[in-house]
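Peer 1: below: sequence and its predicted model.
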Number of protein chains: 2
Amino acid sequence: MKARVTVMLKNGVLDPQGEAVKQALNSLEYNNVESVRQGKVIEIGLVETSKEKANKSIQEMCEKLLANTVIESYEIEFI
Amino acid sequence: MKARVTVMLKNGVLDPQGEAVKQALNSLEYNNVESVRQGKVIEIGLVETSKEKANKSIQEMCEKLLANTVIESYEIEFI
């Protein structure tokens, strides 16, 4: 079973990395870009047959290690 | 219009960051994790009404700046 976890900074949290990408794109003449936010995506291969258990397990991993829930939010999807 | 670009290392390209996450998860007793790959996700807000034009524009940005197409692949989706 394979899951994709997307971790993004919460709205309102300053994102200097995204801001740098935005400025780089603007300086390459992409003036139609008005906002950029950057996050990370983690693809996890799990030895687990029950989707429910897998989801619970990954949620735990996010809380403990993958995301800093004070400033980041995460989404789990199965692929 | 908002688009999400997911950039991942191509299959076969060594991913030390993913490997480190995998080992960290294993050491937290998540022994059901058999593989981890890490990539980045970039959310772009575009001032563009035509989806076709936006797609073409973002594809260009990926080729020029956002992804290193020698070792990385990218996916564009509109959200």
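Peer 2: Done, it's in.

Peer 1: the longest strand belonging to chain A: what's the following helix or strand?
Peer 2: What stands out as the longest strand in chain A, according to DSSP state E, is strand A:33-46. The first helix or strand that comes after strand A:33-46 along the chain, using DSSP states H and E, is helix A:51-61.

Peer 1: hang on, the earlier thing: tilt between the longest strand of chain A and helix A:51-61?
Peer 2: 120 degrees (axes from the mean of the first three to the mean of the last three CA atoms, to 10 degrees).

Peer 1: direction included, what does strand A:33-46 pair up with?
Peer 2: Partners of strand A:33-46 in the sheet, by DSSP bridges, are strand A:2-9 (antiparallel), strand B:33-46 (antiparallel).

Peer 1: dump that strand to CSV, keeping only the CA atoms.
Peer 2: Extracted in CSV, the C-alpha atoms of strand A:33-46 (Å, rounded to 0.1, in the frame of the first residue of the first chain):
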residue,chain,number,x,y,z
VAL,A,33,2.5,34.5,-10.8
GLU,A,34,1.0,36.2,-7.8
SER,A,35,1.7,33.7,-5.0
VAL,A,36,3.9,30.7,-4.4
ARG,A,37,3.9,28.4,-1.3
GLN,A,38,6.3,25.5,-1.1
GLY,A,39,5.9,22.4,1.0
LYS,A,40,7.1,18.8,0.9
VAL,A,41,5.6,15.6,-0.2
ILE,A,42,6.5,12.2,1.2
GLU,A,43,5.6,8.9,-0.5
ILE,A,44,5.4,6.0,2.0
GLY,A,45,5.3,2.4,1.0
LEU,A,46,3.6,0.4,3.8
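
Peer 1: quick one: that strand to chain centroid distance?
Peer 2: Here strand A:33-46 is found 4 Å from its chain centre; the criterion is CA atoms, centre = their mean, to the nearest Å.

Peer 1: which of the residues in that strand are buried?
Peer 2: In terms of neighbour count (16 or more other CB atoms under 10 Å in any protein chain shown), strand A:33-46 has its buried residues at A:33, A:36-44, A:46. Heads up, the C-betas are built off the backbone N, CA and C, glycines and all.

Peer 1: how about those in JSON lines, adding pLDDT?
Peer 2: Shown next, in JSON lines, are these (pLDDT from 0 to 100):
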{"residue": "A:33", "pLDDT": "95"}
{"residue": "A:36", "pLDDT": "96"}
{"residue": "A:37", "pLDDT": "96"}
{"residue": "A:38", "pLDDT": "96"}
{"residue": "A:39", "pLDDT": "97"}
{"residue": "A:40", "pLDDT": "96"}
{"residue": "A:41", "pLDDT": "97"}
{"residue": "A:42", "pLDDT": "97"}
{"residue": "A:43", "pLDDT": "96"}
{"residue": "A:44", "pLDDT": "96"}
{"residue": "A:46", "pLDDT": "94"}
